[in-house]
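> sequence unavailable; structure follows:
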Ligand SMILES: [Zn+2]
């Protein structure tokens with residue numbers, strides 16, 4: 001529990017030091033949920049959605065926080081929004097999770113326009129682009145722009161190669177530097193490394 005409190009404190013510092021960085025708020029909200037402090041998770045997760053209304057995973061987390069706080073009607077409205085966003089972006093995992101949560105609340109997922117489910121792609125290559133290599137960036141949904149090789153050794157590096165485009169990887173690098181500086185992480189410490197990796201996974205929205 002002390003461990004969880006210190007994580008929450010760290011993420012709080014991060015969110016306060018860099019209030020326009022969605023990642024700090026997201027991590028804080030997630031840490032509150034992990035600690036079963038559901039009511040406190042609401043504010044940081046709402047902030048994430050203010051900063052980035054396309055962050056489908058944040059709707060799922062906020063929906064969970066609201067359900068656990070006994071606010072089912074609020075949860076349904078957040079989850080319905082999240083379902084539409086996830087469908088629009090082609091975020092398969094959050095979309096399925098959200099559909100399950102809505103079902104548990106006794107609601108069918110809202111109908112999705114026929115054109116949704118895939119990010120805008122030229123009709124000509126819509127079918128071949130995503131399937132040719134099977135690659136699709138987990139964060140932005142682009143079916144191309146895969147990194148030429150894993151950015152570093154190990155299973156996480158391989159996962160990034162499989163699931164992230166080079167644009168998103170490039171965006172992560174300065175964010176990662178900020179995380180290290182603002183949280184005062186010493187990466188020689190395995191705990192700090194773990195926290196850093198967690199941020200990276202959130203940022204790139206890698207599947208578990
Ligand atoms: Zn991407």
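Here it is on my side, so go on. Everything numeric in this text was worked out from a predicted model, so none of it was measured.
> contact partners for residue 86?
Contact analysis of residue 86 by Cβ atoms under 8 Å, 6 or more residues apart in numbering lists 56, 59, 92, 94, 95, 98. (Glycine included, C-beta is placed from N, CA and C.)
> give me the phi and psi for the second one.
Think residue 59. Taking degrees, to the nearest 10, you get phi -70, psi -40 for the backbone angles of residue 59.
> same thing with the last one?
When quoted as degrees, to the nearest 10, the phi and psi of residue 98 stand at phi -60, psi -40.
> counting neighbours, what do you get for it?
28 (other Cβ atoms under 10 Å).
> near the ion, which residues of the chain are found?
137, 139, 140, 165, 168 (Cβ under 5 Å from the ion).
> surely the third one is in contact with residue 169?
No: proximity of residue 140 to residue 169 does not meet the contact threshold set by Cβ atoms under 8 Å, at 10.8 Å.
> in this protein, which helix or strand is least confident?
helix 126-133 (a mean of 46; mean pLDDT, DSSP states H and E).
> which residues of this protein fall in helices?
Taking DSSP state H as the test, the helices found in the chain are 2-17, 22-34, 38-51, 56-68, 72-89, 92-104, 126-133, 155-163, 166-183, 190-204.
> who's in contact with residue 74?
residue 66.
> so what's residue 165 bridging to?
Legend: beta-bridge partners of residue 165 under DSSP bridges are residue 146.
> domains in this protein, as residue ranges please.
Structural domains annotated on the chain: 1-117, 124-208, as defined by automatic domain parsing.
> number of residues surrounding the closest residue to residue 72 other than its chain neighbours?
Among residues not flanking residue 72 along the chain, residue 105 sits closest, at 5.9 Å (Cβ to Cβ, 6 or more residues apart in numbering). Neighbour count of residue 105, defined by other Cβ under 10 Å: 14.
> can you pull the contacts of the closest residue in space to residue 8 that isn't next to it in sequence?
Excluding its sequence neighbours, the residue lying closest to residue 8 (Cβ to Cβ, 6+ apart) is residue 31, at 4.9 Å. The contact partners of residue 31, by Cβ under 8 Å, 6+ apart, come to 4, 7, 8, 11.
> which pLDDT value belongs to residue 31?
Model confidence at residue 31, given as pLDDT, is 91.
> try residue 121
41.
> likewise for the one 3 residues further on?
Predicted confidence (pLDDT) for residue 124: 39.
> adding distance to residue 147, write the helices of the chain out as JSON lines.
As requested, the helices of the chain are exported to JSON lines (distance: least, Cβ to Cβ, whole Å):
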{"stretch": "helix 2-17", "distance to residue 147": "26"}
{"stretch": "helix 22-34", "distance to residue 147": "20"}
{"stretch": "helix 38-51", "distance to residue 147": "26"}
{"stretch": "helix 56-68", "distance to residue 147": "22"}
{"stretch": "helix 72-89", "distance to residue 147": "21"}
{"stretch": "helix 92-104", "distance to residue 147": "21"}
{"stretch": "helix 126-133", "distance to residue 147": "12"}
{"stretch": "helix 155-163", "distance to residue 147": "5"}
{"stretch": "helix 166-183", "distance to residue 147": "5"}
{"stretch": "helix 190-204", "distance to residue 147": "11"}
